[in-house]
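In: sequence plus predicted model, see below.
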Amino acid sequence: MTNKKPLSFQQIILKLHEYWGERGCSILQPYDLEMGAGTFHPATTLRALGPDPWNAAFAQPCRRPTDGRYGENPNRLQHYYQYQVVLKPSPPDIQQLYLDSLTAIGIDPMLHDIRFVEDDWESPTLGAWGLGWEVWCDGMEVTQFTYFQQMGGFDCKPVAGELTYGLERLAMYIQGVDSVYDLDYNGNGVSYGDIFLENEKQMSEWNFEVADTYTLFEAFKMATKECEQCLEKKLPLPAYEQAIKASHVFNLLQARGVISVQERASYMGQVRDLAKGSCEAYMAKNGWTA
Amino acid sequence: MADFLLELLSEEIPARMQAKARADLERLFVAQMDEAGLKASGITVYSTPRRLALIAKDLPAQTEAVSEESKGPPEAAPDQAVDGFCRKNGVTRDQLEVRDVKGRPTYFAVINKPGQDTKEVLAAAIPAMIKAFPWPKSMRWGDQSQSTESLRWVRPLSGIVAILGDDLVACEIDGVTSGCETVGHRFHHDGMITIGNAGDYAEKLRACHVLVDHEERQNIVRDGAAKAALDAGLELVADEGLVIENAGLTEWPVPLLGSFDPAFLDVPEEVIQLTARVNQKYFVVHDKSGNLAPNFICTANIDAFDGGKAIVAGNEKVLTARLADAKFFWELDQKTPLEDHAKKLSNIVFHEKLGTVADKVERVAKLAEWLVSLEGNGFYQSSPGDTLHGEVSEAARLCKADLVTEMVGEFPDLQGLMGGYYAEKQGKSQAVANAIRDHYKPVGQGDEVPTDPVTVAVSLADKLDTIAAFFYEDMPPTGSKDPFALRRAALGVIALIQESNLRLPLTHALTLAIAYLGRILGADAAQKVNEYLSAMEAIGLDVSQEDFDKAKEAALRPYISDEGKADLVHKRMRPAVSAILDFFADRLKVQQREAGVRHDLIDAVFSLGGEDDLVRLLARVKALQAFVETGDGENLLAGYKRASNILKKEGNETGEVTYAPEPAETALINALNTAEPKASEAIEAEDFEGAMAALALLRAPIDAFFDTVTVNDDDPAKRAARLGLLARIRDAIHKVADFSKIEG
């Protein structure tokens, strides 16, 4: 690592594609909807259900409106990338596979302190939970590692292993830079800041100050209604897309500070009902029982 | 005799679960061995993040042979009965023995169980232990998780090493089979290690960079961190919880010293320490003068080939980012005055029936203001408009403001502390800042008990409001359930009152606290209206505005007038206050037990009723305890018991002395005439020792009376007069305490 030039941001993604592609994963492209985490991607949520084997890897842009810092914080972004790997059923050597992927992107486990630290995962909005770890590299959380136990309220049969790499963090680590905006994006003079800094500024302003809350409340209602309609028509995939939309609109409303503590639980409950309803419909459509 | 080794290899076991897992492993093993009649001469258990291990010394090679017999039917019984008995015992008819039982020939089945190989016992015991293992949370994994019945473990179970003597104990559970091979350190050792026996297990692992003994790793973390600090001229801030956690996260711990930018030291020490400890599991260090140094100690799990330079650099970067966040919060929070933060408390629900935190703050402020202006409290001298009153009022209204700050949002443990810092930075008086910081105290036994007057007022008001509110809404603690930590709050109230000798009539304070809750009744009214509306809707009735107004008025009638409101509060207030006083009596007993105060004496004083001043109550209890442990006290108690037993038996007759009293009788009457007013005066003056001394005067006359006078005289007049005298004794003593509650 010290001898060679470290990988650029895009090379890290390409390396991970190559690594997981060689190990039998379908390499997907990002889902074309705003979502808070790669776990929302139907390739994770819905494919975690049912008995069929499934191995996929993809980079997914994640939107966390409340994490926006107007481009002023070197570590926090309202839009960033996760690299997701879903392996179902979880293979017996999944930890070693994961560790080898770190070596592949330039992290030497004899030089760096890599640790599996307890971190159980729960997503109330997806009716899902799992056990696993956050993986630390020299004290920094670089990956969330989860064995899904339930999704949409259904037991996972079989259990899928999910790896979620925080790409910016890993890249900052590998490249040894202190600000995300200083990341070498393409190995040819373009930085992460060149591409995303202005986006962070404008989107933070919009998320926190400008986004029209009436429109957002309406959008939430519309997504809810549309989801319900799809569920009636037994169309789980479009229904689930509406659940994703509702979830993101809810996150925007939170960033606008217009949802009180009391209302928060109720909104989360609505999103959960949509997501769980979609999972139920997906199970039913495939003829799977709980 | 042979030693047995069991290792359960797993993906990383959470550090916090390891201590209990070791104890569970030993317990389950001993239970299995007990059942088979096997006993080891010693058992040792170990844990690392990746394994649980148990070594049992000197297990016998076989279990003992046993012979069991069971009595069957008489020989003459029908065939069916005999066949049934054979089936039950797994024997054939010709194996039965016939013995004489009280003259009747009777069948017996004798089952000889030969000794079983310990290896076989273990082979069955291991899967049973694994299945029964009580992890706080467990999971399924892999191919076998197609079924929800598949094996559950804390994280995937990856291997079993089971060796008795030098032999493998072959067993299998859900696809995991036992063997003699295990793995070494995740990064320091490739491939498998073959274990020969229990004796070479730890050393073979050590050679592969695994220290299986958790205590050895804890020592390395503890001593290594102290040494790393010392080598840099610094001093480790000891933290045994961190020692155990880091030892539970590593198989080969290597403590390393790192540093951070001293500019972060602007941020309060507690914040830095919490960030380092909670988020990163680092130790912090002090410089020679005891101030926080810009350094930390992390514990790596490898001997890196560069001596840990890259690891330290990485950890420094992470801590820097964390501290930058903390500094950002610290500076951002200060841009808003606490008064403005406090406004946001109206968005936080304290409890659905008890309004928002802003509502609570207002109640606390009123109660705190009342506390400091309470006359004759022996602690406060304050009236509206003076400094103390102003400070209490301000501190109470700001005490919860930090709950909505970024810093407390990130680190809830810092509540109070941050408010105190922000108040100081905002230029509030030290008394106000202290009160904001310390008003949660005391938290549990042994915590510091505030004595600063402003803090005491806010802290008491906060706790009394919480207790009053939840009792008023009929949510007291029950059994082991105390979700609102009311017991802790009550202990806090008791400690605060005692520490400052505050004379507080609790009944009055609680009545006021409940009265301040009255405002919340508006919510009840709204609920009534909602109930009405949904009831109308449920039966399909349209509700016109006129109907609604009428219904509203009816539903609100008990609420709309102040009088109605007062009635309702009154109805619920009395039972609540009385329940709270009983609750305080119980808490006081628990708290005083540690101070060596007898609970029966607390009862003896409490049961007199009307005593709600804890300082006075305890003074009385203490004087009573000192007294009942003297000779006078013991004898007086004996005399009292004798008198009250007689009264119980003979009833409460009374009569004038119309006869020539005996000398001892006269003496007792005189003694009572002297002692009664003395005791009353002393109690009035809160001189409880004096009251006891007055009672002590009765001791000799009572003894003499019982020695020489017959109460149950044949003359009914004498009998009645003497019983009356006994009643006077009892009543005189009851002025001080209810002696019938005293044990012994």
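Out: Cool, got the structure.
In: would you mind measuring from the residue in chain B that chain A sits nearest to to residue B:246?
Out: Residue nearest to chain A within chain B: residue B:314 (2.6 Å; CB to the nearest CB). Glycine gets a C-beta too; all of them are placed from N, C-alpha and C. In this view, residue B:314 and residue B:246 are 17 Å apart by CB to CB, to the nearest Å.
In: sorry, back to before: give me the neighbour count for the residue of chain B closest to chain A.
Out: By other CB atoms under 10 Å in any protein chain shown, 23 other residues sit near residue B:314.
In: likewise for the one 3 residues further on?
Out: By the other CB under 10 Å criterion, the neighbourhood of residue B:317 contains 20 residues.
In: any stretches of the stretch 1-150 of chain B with poor pLDDT?
Out: Residues of the stretch 1-150 of chain B meeting the criterion pLDDT under 70: none.
In: near chain A, which residues of it?
Out: B:11-12, B:14-16, B:49, B:137-148 (CB under 8 Å from any CB of the partner chain).
In: of those residues, buried ones?
Out: Listed as buried from the residues of the stretch 1-150 of chain B next to chain A are B:11-12, B:14-15, B:49, B:139-142, B:144-145; burial here means 16 or more other CB atoms under 10 Å in any protein chain shown.
In: hmm, which two among the residues you listed are most spread apart?
Out: Taking CB to CB as the measure, those span a maximum distance of 27.1 Å, between B:15 and B:144.
In: run through the residues that contact residue B:464.
Out: Going by CB atoms under 8 Å, 6 or more residues apart in numbering or on different chains, residue B:464 touches B:367, B:493, B:509-510, B:513.
In: give me the distance between it and residue B:516.
Out: Residue B:464 is 10 Å from residue B:516, by CB to CB.
In: joint contacts of those two?
Out: With CB under 8 Å, 6+ apart as the test, residue B:464 and residue B:516 both reach residue B:367.
In: which parts of the stretch 151-290 of chain A are helices?
Out: For the stretch 151-290 of chain A, applying DSSP state H, counting those that start in this stretch gives helices covering A:167-175, A:192-205, A:213-232, A:236-255, A:261-285.
In: would you turn the ones you listed into CSV with mean neighbour count?
Out: Listed next are these as CSV, based on neighbours: other CB atoms under 10 Å in any protein chain shown:
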stretch, mean neighbour count
helix A:167-175, 22
helix A:192-205, 17
helix A:213-232, 16
helix A:236-255, 23
helix A:261-285, 18
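In: let's have those helices in JSON lines, adding distance to chain B.
Out: Converted to JSON lines, the helices of the stretch 151-290 of chain A look like this (distance: least, CB to the nearest CB, whole Å):
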{"stretch": "helix A:167-175", "distance to chain B": "7"}
{"stretch": "helix A:192-205", "distance to chain B": "15"}
{"stretch": "helix A:213-232", "distance to chain B": "16"}
{"stretch": "helix A:236-255", "distance to chain B": "13"}
{"stretch": "helix A:261-285", "distance to chain B": "6"}
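In: save the ones you listed as CSV, and put in mean pLDDT too.
Out: Formatted as CSV, those follow (pLDDT from 0 to 100):
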stretch, mean pLDDT
helix A:167-175, 94
helix A:192-205, 97
helix A:213-232, 96
helix A:236-255, 95
helix A:261-285, 89
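In: could you look up the SS state of residue B:293?
Out: strand (DSSP: H, G, I helix; E, B strand; the rest coil).
In: report pLDDT for it.
Out: pLDDT for residue B:293: 97.
In: does it touch residue B:276 like I think?
Out: No - using CB atoms under 8 Å, residue B:293 makes no contact with residue B:276, being 11.7 Å away.
In: who touches both of these two?
Out: Both residue B:293 and residue B:276 are in contact with residue B:284, where contact means CB under 8 Å, 6+ apart.
In: pLDDT weak spots in the stretch 551-700 of chain B?
Out: Applying pLDDT under 70 to the stretch 551-700 of chain B flags residues B:551-571.
In: any chance you could map the helices in the stretch 1-150 of chain B?
Out: Secondary structure of the stretch 1-150 of chain B by DSSP H, counting those that start in this stretch: the helices cover B:18-36, B:79-89, B:118-132.
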